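Visitor: Give the three-dimensional model of this entry:
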Amino acid sequence: MAKLTKFTSLGVLQNFSVPVLIEFLNRFKAYLKARKIKLSAETFDYEEIISLFTQVHSDTPQELLEAAFFIEEMASQSGRDKVIKEANARNIILGYAPDAFSVHDFIMLTWLRHPGLLEAAKSRVQTWRKRSFCTCSPTLGEVHPLVRSEIGSIHDLEQGLADVLPGCDSGAVKVIEYEDKGTDEIWFLVRRTGFLERVPFMGDSGTPEVVFVRPLKYDVIVYDKAHGTLRINCHKSLRGEYRQEFGQFLFGKQEYFADRDVYSLNILFDNDPAFLDCSGIAGIDSIRWKEVGYVFPGSFGITRVEKSPDMAKSKKLRNKPFVPPGVVIRYAKFDVLFEGAKSPRSVQIMAGNVANYSRESDYSALDDWIRQSGIMINLVQQVAHAA
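Guide: Numbering: from 1, shown residues only. Now for the predicted structure:
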């Protein structure tokens with residue numbers, strides 16, 4: 001948990017006006033009564049309010065701490081700009097003019113009127129930082145229309161995840177949805193709050209103290225409406241839970257998404273650089289294969305990694321196969337020069353269903369190339385063959 005400097009420093013706390021602070025704190029009347037704190041505009045005691053955040057106990061409302069955290073994080077000029085931008089992206093009418101209030105009051109009022117907006121604005125950056133995704137395809141290999149409006153709400157999804165994710169109790173999972181105009185993707189940020197923990201630390205006076213914290217972890221799920229795939233960024237032990245819960249949320253079927261291979265690098269056995277062609281892919285200027293890792297068959301599991309600025313040209317010049325016959329290819333890395341970029345960005349594709357890339361905006365063009373190159377397994381044919 002971040003240190004709440006805006007709520008524990010008298011000079012900073014006074015940046016919030018008394019009427020706005022009272023409206024905010026009145027959301028927690030029962031807790032204030034238990035702490036024997038009375039709110040009055042005439043006799044408002046800032047020091048008493050500071051004690052709420054310097055003397056946190058196990059009975060301190062989690063909502064109060066979360067609200068203070070997001071207000072703390074967003075109470076700045078740049079934070080206000082992000083909140084306004086997020087409100088516009090979600091077609092939310094704030095109902096008050098930002099310039100009519102100080103930055104601090106604006107952010108606190110926003111939490112009061114639109115509680116989820118601060119976290120959505122702050123977490124958007126957290127969402128786009130994820131670069132490694134496991135891809136799950138539809139079990140039947142075909143894209144079906146979403147039926148989420150008939151199944152349940154985000155709250156139902158949060159409760160379902162809280163029931164199956166380890167280390168979470170009721171109310172400990174928060175799901176934030178992002179669906180920007182002009183895209184075929186729906187992004188979901190999942191915030192998992194662990195159980196309350198006592199953490200010792202050295203106080204400002206040099207004496208040992210204890211603070212109660214709840215550890216936070218973030219996972220990202222992306223549904224691609226155009227191709228019907230679900231991309232998951234989380235610890236690999238949780239992929240099954242997310243695959244099933246989002247299958248239920250989006251389509252009403254826990255087994256809608258399959259746990260099977262999506263990528264195959266066996267195209268390298270063809271010894272043909274044609275798979276690197278990206279002339280028909282919008283957004284990509286060139287692709288160079290630069291690294292491969294593979295395992296020789298046998299009980300010893302000998303692994304080899306080969307690297308070169310241009311693996312395909314190097315192999316052709318030396319009249320060598322791209323990879324030795326019979327090996328199991330684990331991964332391949334590529335340098336991809338995107339349109340408008342000054343230098344290429346690295347992309348790693350792992351046999352199975354995981355891809356790592358440098359920017360979230362890279363995925364759309366990369367997905368088109370992966371499908372064209374033959375690396376993406378034909379799911380409809382795979383399902384038909386399995387049947």
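Visitor: C-alpha only now, for contacts and for neighbours.
Guide: Noted.
Visitor: Just the strands from this protein, written as ranges.
Guide: All strands of the chain, identified by DSSP state E, fall at 132-138, 173-178, 185-193, 197-202, 208-213, 216-224, 229-233, 257-258, 284-295, 303-307, 328-338, 345-350, 354-356.
Visitor: Output those in TSV, with mean neighbour count and mean pLDDT appended to each entry.
Guide: As requested, those are exported to TSV (neighbours: other Cα atoms under 10 Å; pLDDT from 0 to 100):
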stretch	mean neighbour count	mean pLDDT
strand 132-138	22	91
strand 173-178	19	89
strand 185-193	20	89
strand 197-202	12	64
strand 208-213	15	61
strand 216-224	19	90
strand 229-233	23	93
strand 257-258	23	92
strand 284-295	20	96
strand 303-307	13	96
strand 328-338	20	96
strand 345-350	20	95
strand 354-356	20	93
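Visitor: Which among the ones you listed is found nearest to K316?
Guide: With Cα to Cα as the criterion, K316 lies closest to strand 284-295 of the strands of the chain, at 12.8 Å.
Visitor: Which strands and helices lie in contact with that closest one?
Guide: Secondary-structure packing of strand 284-295 (3 or more Cα pairs under 8 Å, 6 or more residues apart in numbering; DSSP states H and E): strand 303-307, helix 311-317, strand 328-338.
Visitor: and H104, which of the ones you listed is closest to it?
Guide: Shortest distance between H104 and the helices and strands packed on strand 284-295, using Cα to Cα, is found for strand 328-338: 40.6 Å.
Visitor: Listing partners with orientation, what would you give for the closest one?
Guide: Using DSSP bridges, the strands paired with strand 328-338 in its sheet are strand 284-295 (antiparallel), strand 345-350 (antiparallel).
Visitor: Relative to L10, tell me which of those strands wins on proximity.
Guide: With Cα to Cα, the closest approach to L10 among the strands paired with strand 328-338 belongs to strand 345-350: 47.3 Å.
Visitor: that older thread, tell me which of the helices and strands packed on strand 284-295 approaches E66 most closely.
Guide: The nearest among the helices and strands packed on strand 284-295, by Cα to Cα, is strand 328-338 at 39.5 Å.
Visitor: which residues are contacting that closest one?
Guide: With contacts defined as Cα atoms under 8 Å, 6 or more residues apart in numbering, strand 328-338 is touched by 265-266, 283-297, 343-351, 362.
Visitor: now the angle between strand 303-307 and it, please.
Guide: Relative orientation of strand 328-338 and strand 303-307, computed by axes from the mean of the first three to the mean of the last three Cα atoms, to 10 degrees: 20 degrees.
Visitor: Break this protein down into its domains, please.
Guide: 5-127, 129-258, 266-386 (automatic domain parsing).
Visitor: Any regions of the chain where pLDDT drops low?
Guide: The chain contains residues with pLDDT under 70 at 1-5, 148-152, 168-171, 181-182, 194-206, 209-214, 378-387.
Visitor: Tell me how far the residue in it sticking out farthest from the centre lies from P19.
Guide: Going by Cα atoms, centre = their mean, the residue of the chain most distant from its centre is E42, 45.0 Å out. Using Cα to Cα, to the nearest Å, we find E42 at a distance of 10 Å from P19.
Visitor: for K290, same thing?
Guide: Look at K290 and P19: by Cα to Cα, they are 62 Å apart.
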